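**Q** A structural model of the following input is requested.
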Amino acid sequence: MASADDILEKHRQWLALEEAAQREEWERAKKHGIKVLESEGYAIRGLLARDDRSGFLGRSLIIFERTYGAERGGFRMSASDPVIVRHQAEPEQSSMKAVLHRITPRSVELLIDDAPEAWLVDEVCSIELGPNDVTFQRLRAGIEAAAQLEGAKKTLRDRALGIVAAPPPKKIAAGTEMAKRSKQRKEYNSKQNEALDRIAEEPSLFLLHGPPGTGKTTVLAQAIKEAVDRGERALVGTPSNQAVDNMAHALIARGIDVLRLGHPARIDPALHAHTLEGKLEAHPQKNVADDLFKQARKLFREASQKKLQGRSLDAREQAFALRREGKQLVEEARQIEKRALAHVLQETPVVCATLTGLREDLLEESSFQLGVIDEATQAVVPAIYPLLTRVDRLVLGGDHRQLGPTVLSQKAEQDGMGKSAFERLMQSKTPPPSVMLEEQYRMHEDIMRYPSQALYEGKLVAAASVKARKLDGDWPALLFVDTAGRGFDEAKAGEQGSTLNEGEAALAIDLARKIAATGLAPEHIGILSPYAAQVQQLRGLAGDDAFEINSIDGFQGREKDAIIVTLVRSNEDRDIGFLSELRRLNVALTRAKKSLVVIGDSATITAHPFYSGFVDFAIALGAHKSAWDFS
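**A** Numbers count the residues shown, from 1 in each chain. All right, here's what the predicted structure looks like:
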């Protein structure tokens with residue numbers, strides 16, 4: 001078996017490959033020029049500053065008006081993305097890094113760490129998406145911190161890497177505190193209670209396997225609450241902002257004080273009081289820091305005016321002196337805010353963030369007894385280090401039968417970067433203690449049954465409260481609409497070569513409207529496809545209908561009353577492409593609560609045994625219909 005040093009070195013190599021792949025993609029887009037970048041949503045020109053103010057921790061918030069092109073949409077930039085802002089007339093001479101705070105069709109807001117230069121607030125500017133260096137810096141720092149661990153934390157690291165086997169699970173004797181607490185949790189089923197007891201008892205590492213709808217996040221939130229009740233502090237991380245917000249809401253509902261770290265624009269506004277910004281607003285030292293920031297900004301404006309008055313040596317020296325004084329005030333204010341931050345961090349029992357949002361400068365003085373990673377199967381192994389290195393024991397929650405991590409570099413993917421720590425541990429010869437939740441609270445029994453048989457050894461069962469839930473009328477819980485012989489052939493779209501199927505797309509929209517006619521509001525209907533081109537085709541056909549249309553990948557972790565899945569592939573070669581990634585289809589088949597409709601060409605998809613089994617299951621259930629049955 002490889003040593004920890006060997007594994008950590010491999011993880012360094014993965015990060016280097018992934019960063020190179022990301023930068024290569026950025027450089028390739030950049031070669032096309034600013035106008036092409038703008039047309040593709042990677043840049044915005046014609047920005048003129050209308051306001052600048054103090055942002056969080058003394059950063060400058062610059063608000064730009066879009067002087068032209070405001071009607072354009074399709075932005076591929078979003079809040080917290082790194083951008084490069086340039087003087088539009090002299091793009092190579094005047095540029096600086098910034099962070100995108102907010103974007104609308106008519107305005108753009110940027111955060112910059114330093115005082116704005118005169119050209120930034122007085123001239124027409126442009127921005128373009130930059131490489132995301134910060135994420136890789138944090139992941140590399142996590143690897144180096146993991147390499148330096150000693151004692152119990154080193155043992156935890158080695159167990160998470162599968163180098164050292166975890167001890168066998170403890171037996172929970174009748175009459176113990178854990179056994180008594182289990183009896184008190186009447187709202188949890190037997191497997192959920194078993195998981196909660198194990199999490200409380202395990203001294204090192206535990207895996208919670210949560211198939212779709214089984215309440216994995218609910219169990220993790222309850223485990224964190226019980227840890228806080230015992231006097232522990234918890235650090236919680238997930239790969240995505242949505243998953244962090246879900247966990248934060250679940251904890252707050254249980255009366256737990258939570259600190260939600262992250263970029264304000266990517267956090268649910270309902271959580272504002274639990275963000276750093278929200279908590280600092282109530283801190284007595286915040287007003288002192290704000291006054292210093294205001295004084296500094298006044299000096300920066302005066303410096304800009306001096307600089308514009310002329311090019312004399314005296315004017316430049318005065319401008320330099322004003323800026324230097326302003327920077328000193330900013331640094332003083334930042335130190336005050338940092339002390340306030342340290343106080344907030346130490347007083348809050350649970351800190352939540354994305355795994356790459358766990359900032360060293362904020363957490364360096366903090367310690368946590370319990371670490372929890374939800375949706376751990378979507379995280380590359382290096383992403384767990386920023387959290388793992390700060391906790392005494394670790395719980396990983398996820399489902400390796402659903403989608404894994406997203407990896408850009410094909411070489412890194414082939415070398416194993418796409419396999420999460422959770423999946424590696426579950427498939428190891430000596431897996432750590434784990435519990436699989438078996439009762440699901442989302443799907444009608446007919447929707448659940450095939451995924452249970454094909455992927456979960458038939459162990460997944462429907463709770464009594466959901467097993468018979470259906471739409472109004474006689475609309476079925478499960479329907480496979482077979483397009484074989486209908487002439488709905490797949491096609492390639494654009495230069496990217498994504499696949500679409502116009503016939504299936506039109507049929508999907510028609511079926512969504514039929515479902516809406518049963519009385520279900522359109523916003524409770526989702527239409528999913530594994531192909532980006534099909535998603536765009538569907539959105540074009542939907543018009544003003546409020547159906548949610550998305551990729552399967554973008555819908556993981558979510559649910560709707562009714563889901564329609566269009567599989568797209570229909571060809572004489574029976575080539576199903578990446579439909580062969582069964583984890584993706586497992587996600588698609590387990591999002592619906594009351595009705596699931598799958599559209600596909602049985603002549604093509606049954607080349608794969610999973611789909612052949614699904615078609616046979618639908619026929620046996622009486623849930624198979626031909627596309628000819630629908631106009």
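
**Q** per-residue confidence at the closest residue to residue 81 other than its chain neighbours?
**A** Excluding the flanking residues, the one nearest residue 81 by CB to CB, 6 or more residues apart in numbering is residue 100, at 4.7 Å. Every residue, glycine included, has its C-beta placed from N, CA and C. For residue 100, the model assigns a pLDDT of 88.

**Q** and residue 100, how far is that from residue 262?
**A** 14 Å (CB to CB, to the nearest Å).

**Q** ditto for residue 349
**A** For residue 349, the distance to residue 262 - CB to CB - is 18 Å.

**Q** Neighbour count: those two, which is higher?
**A** Ranked by neighbour count (other CB atoms under 10 Å), residue 349 and residue 262 place residue 262 first, with 23 against 20.

**Q** So the more buried one: helix, strand or coil?
**A** coil (DSSP: H, G, I helix; E, B strand; the rest coil).

**Q** Isn't residue 330 up against residue 292?
**A** Yes - taking contacts as CB atoms under 8 Å, residue 330 lies within contact range of residue 292: 7.4 Å.

**Q** okay, these two: which has more neighbours?
**A** Comparing residue 330 with residue 292 by other CB under 10 Å, the one with more neighbours is residue 330, at 26 against 22.

**Q** Can you list the buried residues in stretch 246-254?
**A** 246, 247, 248, 249, 250, 251, 252, 254 (16 or more other CB atoms under 10 Å).

**Q** and it, how far out from the chain's middle?
**A** Offset of stretch 246-254 from its chain centre (CA atoms, centre = their mean, to the nearest Å): 17 Å.

**Q** Stretch 572-582 too?
**A** 27 Å.

**Q** now swap in stretch 407-417 and tell me
**A** The answer for stretch 407-417 is 19 Å, by CA atoms, centre = their mean.

**Q** Quick one: low-confidence residue ranges for the stretch 101-250 of the chain.
**A** The stretch 101-250 of the chain contains residues with pLDDT under 70 at 114-115, 172-183.

**Q** which residue ranges form the helices in it?
**A** Assigned helices in the stretch 101-250 of the chain, in chain order: 118-122, 133-147, 151-160, 177-184, 190-201, 216-229, 241-253 (criterion: DSSP state H, counting those that start in this stretch).

**Q** Which of the buried residues of stretch 246-254 sits closest to residue 433?
**A** Residue 433 lies nearest to residue 247 out of the buried residues of stretch 246-254, by CB to CB, at 21.8 Å.

**Q** which residues touch the closest one?
**A** In this structure, residue 247 makes contact with 217, 220, 221, 236, 238, 352, 374, judged by CB atoms under 8 Å, 6 or more residues apart in numbering.

**Q** Is it correct that residue 487 is in contact with residue 501?
**A** No - using CB under 8 Å, residue 487 is not in contact with residue 501; the gap is 10.8 Å.

**Q** Looking at those two, which has the bigger crowd around it?
**A** Between residue 487 and residue 501, counted using other CB under 10 Å, residue 501 has the larger neighbour count: 27 against 8.

**Q** contacting residues around the more buried one?
**A** 488, 489, 490, 491, 534, 537, 566, 568, 569, 570.

**Q** Now list the buried members of those residues.
**A** Applying 16+ other CB under 10 Å to the contacts of residue 501 flags 488, 489, 490, 534, 537, 566, 568, 569, 570 as buried.

**Q** Can you pull the phi/psi pair for the residue nearest in space to the middle of the chain?
**A** With distances taken as CA atoms, centre = their mean, residue 240 lies nearest the centre of the chain, 1.9 Å away. Phi and psi for residue 240, reported as degrees, to the nearest 10, are phi -130, psi 150.

**Q** No further questions, thank you.
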